[in-house]
Every structure is written in C-alpha cells, then in structure tokens.
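Enquirer: Structure, please.
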Amino acid sequence: MVLRRENILIEALPYIREFHKSILVIKVGGKALIDPQTMDEIVQDVVLLRYVGVHPIIVHGGGSEITQKMEQMGKKPEFVAGLRVTDDETLEIAQMVLVGNVNHKLVSLIGKHGGKGIGLSGKDGGLIIAKKKDPQKVFVGGEEQDVDLGWVGDVRNINPELLYLVSENGYIPVISPIAMDETGNSFNVNADIAAGYIAAALKAKKLIMLTDVLGVLRDQSDRKSLISQIHVDEVSRLEKDGTIKGGMIPKIEACVKAVESGVEKAHIINARVQHSILLELFTDEGIGSMVYR
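Expert: Okay, the predicted model is just below:
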C-alpha cells in the first residue's frame with residue numbers, strides 16, 4: 001500500500017512534537033562515510049531535523065579512511081585481536097584524516113543542504129578528556145600477551161558546555177573522536193564509545209548509531225532474525241552466546257552506557273536504508289535494533 005503524502009506528514013506530526021527542542025546524538029561510521037549518496041542522505045536528514053526544531057549532534061568515525069591513508073603513505077596498519085595499534089605516526093595520520101578530512105566533508109555537506117555545521121574535535125574546549133587505554137590481554141599464537149596499543153584512549157570525562165553553546169545558537173556540531181588528557185597528550189578514541197559518553201553527558205533524547213548492518217541479528221545469515229528490542233539486562237547474555245560480537249560490541253556498549261545514564265532509548269540502524277534516520281524517528285514502525293531500560 002502506498003501512503004499518500006499527507007498521511008505520511010500526519011503520521012510524523014506527533015513524533016516531531018515529541019522530539020522538538022530535544023537533543024539527538026547521531027554516530028556515523030563504517031561504509032556510510034565512504035558512499036557519497038548515503039552520506040548525502042544522512043546529512044539531508046540531519047538538516048531537516050534541525051529545521052523542525054530538533055538539536056542533532058554528529059559524532060563520526062573513519063577507521064577505513066585511516067587505513068587507506070596509511071597504506072597510501074607506505075605504512076602498514078597493525079591490528080592485534082581486532083584493535084588498531086596507534087604509534088606516533090599513526091596518531092598523526094588519524095588526526096589528519098578525522099579532523100582534516102572526514103570532519104570537513106560532513107560540515108561542507110551540511111552547508112550544501114542549508115544547515116550550519118561546525119567542526120569540532122574532542123580536544124576543543126576540553127570536550128573529551130581521555131586516559132591511555134590499559135594494555136590489552138590478547139592471545140597471540142595460543143599464548144596470552146599484554147599488548148600496548150599506543151595512543152588509544154578511554155573516555156574519562158565529557159565537558160558538554162561547548163555543545164550546548166553552539167547547538168542553542170543554531171549550529172550542528174560535528175565531532176571527531178580525537179581526545180586529550182590533562183597534560184595535553186592526544187588520543188584516538190573509539191567513535192562508538194565517544195558517542196555513547198556524549199549522549200550520556202547531554203542526557204540526549206536518543207542515541208542513533210548508523211552502521212552498515214540491519215542491527216543485531218540472532219543469525220548473521222538470516223535478515224529476518226533481527227532483534228528489534230534489547231533490554232540492557234539482556235546484553236551480557238547476548239555477548240556470551242556470540243549473538244553480539246566483533247564490531248557490534250562497542251556499539252552495544254555505547255548504547256548501554258547512554259541509556260543507563262538517562263538517554264531514553266538508543267538505536268542501531270542501517271545507514272544504507274534511504275533516509276533511515278527519518279524512518280526511525282518519524283514513523284510508527286521504525287527500523288533496526290533498539291536498546292532500552
């Protein structure tokens with residue numbers, strides 16, 4: 001059944017009213033950052049949100065772009081058990097890609113669609129204060145080893161003052177997850193985790209994680225096995241039985257952090273679905289997996 005345009009607008013009205021003047025944190029990463037059409041649609045959605053009175057805040061990653069730039073510069077990326085080792089040169093490349101490339105592209109797209117974007121890193125205004133990530137215990141060749149990941153950080157504190165200031169003045173903040181510690185050292189922070197902490201600090205209405213999968217699937221080969229709702233108490237069991245694994249782990253952990261800190265709901269949705277943000281927010285059915293308390 002094809003809905004008439006006026007019916008679509010009427011269906012959206014109560015949701016627009018609900019989210020008016022509320023803060024939404026939207027994390028963008030993965031293949032969504034590589035595909036120009038997908039990025040264009042995401043930014044269109046974000047600008048529309050701003051015009052209907054919502055306060056969207058974007059947090060972005062860029063791991064694949066960092067890897068690509070490292071290879072172009074003749075440096076081989078090093079991963080240990082799926083974790084990127086970040087030495088001095090890798091950190092410099094990460095800052096160049098995240099702050100100087102991906103962030104600027106997103107701000108430019110916001111301007112293209114009539115919004116006012118402002119690019120920030122976690123270092124601006126002491127937005128993200130981090131500490132060096134502890135050595136990780138990993139199995140290499142069947143033996144457990146402690147591996148120092150270098151300039152990889154864990155979030156210690158979020159100072160949201162700057163975000164309130166720019167958002168209340170009509171700007172859409174675009175945040176790259178480069179943080180610093182109290183002595184000024186820079187750290188690369190997982191963008192999923194950064195988004196979760198930022199949503200928590202802002203007491204956002206929602207956290208939306210845009211990725212390149214449908215959500216959490218019970219069976220990775222069966223699209224119909226999507227788990228549409230996950231209570232925070234279920235997460236540990238789903239991790240233990242392998243339903244939540246790999247790159248989905250930091251996304252779910254970020255969602256749990258957010259909702260346990262006062263965010264109403266967190267969503268993991270497929271960015272490759274056209275205008276996925278609007279479908280999640282402004283329609284009765286929604287899409288993806290929702291984490292709630």
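Enquirer: ranges for the helices of the stretch 151-293 of the chain?
Expert: Taking DSSP state H, counting those that start in this stretch as the criterion, the stretch 151-293 of the chain carries its helices at 161-168, 191-202, 235-240, 248-260, 276-282.
Enquirer: which outside residues touch the last one?
Expert: By that I understand helix 276-282. Contacting residues not belonging to helix 276-282 are listed as 11-12, 15-16, 19, 24, 26, 42, 45-46, 48-49, 206, 208, 210, 267, 269-270, 273, 285-288 [C-beta atoms under 8 Å, 6 or more residues apart in numbering]. C-beta: built from backbone N, CA, C; applies to glycine.
Enquirer: go with 6 Å
Expert: Taking C-beta atoms under 6 Å, 6 or more residues apart in numbering as the criterion, the residues outside helix 276-282 that touch it are Ala12, Tyr15, Asp45, His267, Ile269, Gly286, Ile287.
Enquirer: Pick out whichever of those sits closest to Asn169.
Expert: Asp45 (21.2 Å; C-beta to C-beta).
Enquirer: how about that closest one, what does it touch?
Expert: Counting by C-beta under 6 Å, 6+ apart, Asp45 makes contact with His275, Ile277, Leu278.
Enquirer: Neighbour-wise, give me the winner out of those.
Expert: Highest neighbour count within the contacts of Asp45: Ile277, with 25 neighbours (other C-beta atoms under 10 Å).
Enquirer: re earlier: quick check, nearest of the contacts of Asp45 to Met70?
Expert: When those are compared for distance to Met70 (C-beta to C-beta), Ile277 comes out closest, at 30.8 Å.
Enquirer: Look up how far Gly53 lies from that closest one.
Expert: 15 Å (C-beta to C-beta, to the nearest Å).
Enquirer: What segments of the stretch 101-250 of the chain are strands?
Expert: For the stretch 101-250 of the chain, the strands defined by DSSP state E, counting those that start in this stretch occupy 117-121, 128-132, 136-140, 143-147, 152-158, 172-176, 178-180, 186-189, 206-211, 229-231.
Enquirer: Now do the second one against helix 191-202, angle only.
Expert: Right, the one you point to is strand 128-132. On the basis of axes from the mean of the first three to the mean of the last three C-alpha atoms, to 10 degrees, strand 128-132 is oriented at 130 degrees to helix 191-202.
Enquirer: a markdown table please, covering the contacts of Asp45 and showing distance to Met180.
Expert: A markdown table is the format used below for these (distance: C-beta to C-beta, whole Å):
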| residue | distance to Met180 |
| --- | --- |
| His275 | 36 |
| Ile277 | 30 |
| Leu278 | 35 |
